[in-house]
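Peer 1: Fold the stuff below for me.
(2 chains)
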Amino acid sequence: MALPYYVSPEQMMQDKAEYAKKGIAKGRSIVAMEYQDGILIVADNPSMSLNKISEIYDNIAFLGAGRYSEFENLRKAGIRHADLKGYLYSREDVTAKSLANAYSQALGTTFSQEVKPLEIEIAVVAVGETAQSGEIYRISFDGSITDERGFTIIGGRAEAITLFLRDRYKAGLPLAKALKLCKEALENSSGQTLVIPNLEVAVLDRNRQGRKFRRLTTDEVTSLVNQR
Amino acid sequence: MDLKFRGAFQDFGSSFFDWLSTHHPDALPSGHLRTDSGGNDKSQSLAVPHGTTVLALKYRDGVIIAGDRMATEGYQVSARRIDKVYKVDEHSAIAIAGAAGPCIELARLLQTELEHYEKLEGSALSTDGKANKLSQMVKGNLPMAFQGLVVIPIFVGFDLKRNEGRIFKYDITGGRYEETDYFSTGSGGKDARTTMKKLYQTDMAEAEAVRTALEALYDAAEEDIGTGGPDLIRGIFPTAKTVTSRGVIDIEESRIRQTVEQLINTRRRGS
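Peer 2: From the prediction side, this is the model:
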């Protein structure tokens, strides 16, 4: 019987990380940005029905980049987590922090125990009651979690977009300006103009009653982008 | 089917209720119930608060759903201002008669169920879909019904496809029946139905429909000891909501109070 090859743990983790990063780099990017009334989320997504942005709970939304089937499972698990917590306790006890932690645990466990790591990057965002009190968590394929301020980018060209936005982002932008900035950032990194039907846009608007999540229609996005 | 795919579609779909039933059955309204002991012994039926009369009636723009505020424990009043009418989602509402605890839990479960489905699937359930799901949930409560904890809901929804309001009634086995004009259930249900039978007309205006609903509840309170009438001393009045294409809207208390006071004045002797 042939002995199995020995692979050092360092080597194995490195290989897995490389594999996951390669998978994610192929995908398109998503930006989440705090604006005047909450959080704006813009995804470069040509599909009208396979969403990358989703409502989780009253003030919480989910962003997934990479392999659709993999983050779709996590999205569903997140909605179950939130709905169960809200049902057993109360709506106000459902927090982005606890959800982000649960995701981080799940991704971390999968990365270390499974042969194939998940080729995804996700973010959990929550709108706060006052300006600049939003929460943005970015969670990577290996479960590492970062708490971001102002804006975050996940997906293929995250680093390039972050560099572009670092100098241009200002707190408290009105919706139209924030949307234009996000669109420019996505275009700048990919080097091509994005047509509006290829943008998936949603907001967590703190001025809404109850559920804060709302998708913007193509018409709304068009008129916001054309606003002076 | 190919063995490889056998597990693929055994997910719990998009139902919160089905998922909860498998993973957290203790969190269901029928949770910690033991079905093996003394199920049929009526004398042991638990003394818990019971909600009494609720009703729904169609009018020009949709449906009105309303209920009195009393909960009783046997011959005692256990609560004077409970609410039996709940908004479930943007276009549907539920009113429940029966054991108050499981009733309120069922309403919350249905709210979570519909929101859960909408978030997972990206679109809301059809009105029929909502009514059928509730039917399964009521059926799940059957073991409790045998122990005296009966839960009888009325479900109303505005069907955006058909552009009309719809009323569904249920029995304890989860049987689901659609009503064409109006319905009322609970201890004073029969009395409220009698009043609506006499006053109901198709395509009533909203004000007229509100008056009919309140008059039916008033009559139920007169004839049935379990139903609470308007309490002028404490200022407690029935609650009601309209379910239309514009959504589920509470009818303000001041408006209900005014209508009830007019009603009392017309009935006052010698006036």
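
Peer 1: C-alpha only now, for contacts and for neighbours.
Peer 2: Noted.

Peer 1: Buried residues, the helix ranked longest in chain A. List them.
Peer 2: Scanning chain A for the longest helix, with DSSP state H as the assignment, gives helix A:68-88. Within helix A:68-88, the residues that count as buried by 16 or more other CA atoms under 10 Å in any protein chain shown are A:71-72, A:74-87.

Peer 1: cool, and stretch A:139-151?
Peer 2: For stretch A:139-151, a neighbour-count test (16+ other CA under 10 Å) marks A:139-143, A:145, A:150-151 as buried.

Peer 1: Quick check: of those residues, which lies closest to chain B?
Peer 2: Proximity of those to chain B (CA to the nearest CA) peaks at A:Ile139, which lies at 21.0 Å.

Peer 1: For the closest one, which residues count as its bridge partners?
Peer 2: Under the criterion DSSP bridges, A:Ile139 forms beta bridges with A:Ile122, A:Ile145.

Peer 1: ok, it touching A:Glu121?
Peer 2: Yes. If you go by CA atoms under 8 Å, A:Ile139 and A:Glu121 touch, sitting 6.1 Å apart.

Peer 1: before we move on, back to that, tell me which strands and helices the longest helix of chain A is in contact with?
Peer 2: strand A:53-57, strand A:60-66, helix A:96-113, strand A:120-126, helix B:100-121 (3 or more CA pairs under 8 Å, 6 or more residues apart in numbering or on different chains; DSSP states H and E).

Peer 1: Dump those into CSV; add mean neighbour count as well.
Peer 2: Listed next are the helices and strands packed on helix A:68-88 as CSV, based on neighbours: other CA atoms under 10 Å in any protein chain shown:
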stretch, mean neighbour count
strand A:53-57, 26
strand A:60-66, 27
helix A:96-113, 18
strand A:120-126, 27
helix B:100-121, 20
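
Peer 1: where does chain A have low pLDDT?
Peer 2: Applying pLDDT under 70 to chain A flags the ranges A:1.

Peer 1: Write out the residues of chain A neighbouring chain B.
Peer 2: Chain A comes close to chain B at residues A:54-56, A:76, A:79-80, A:83, A:87-88, as judged by CA under 8 Å from any CA of the partner chain.

Peer 1: okay, among those, which ones form the most distant pair?
Peer 2: Taking CA to CA as the measure, the residues of chain A next to chain B span a maximum distance of 22.5 Å, between A:Ser54 and A:Leu88.

Peer 1: what's the span of stretch B:223-238, first residue to last?
Peer 2: 16 Å (CA to CA, to the nearest Å).

Peer 1: what does it contact?
Peer 2: Stretch B:223-238 is contacted from outside by B:52-53, B:66-72, B:75, B:80-81, B:187-188, B:191, B:214, B:217-218, B:220-222, B:253, B:256-257, B:260, using CA atoms under 8 Å, 6 or more residues apart in numbering or on different chains.

Peer 1: Any of those residues buried? List them.
Peer 2: Among the contacts of stretch B:223-238, those classed as buried by 16+ other CA under 10 Å are B:52-53, B:66-72, B:80-81, B:187-188, B:191, B:214, B:217-218, B:220-221, B:256-257, B:260.
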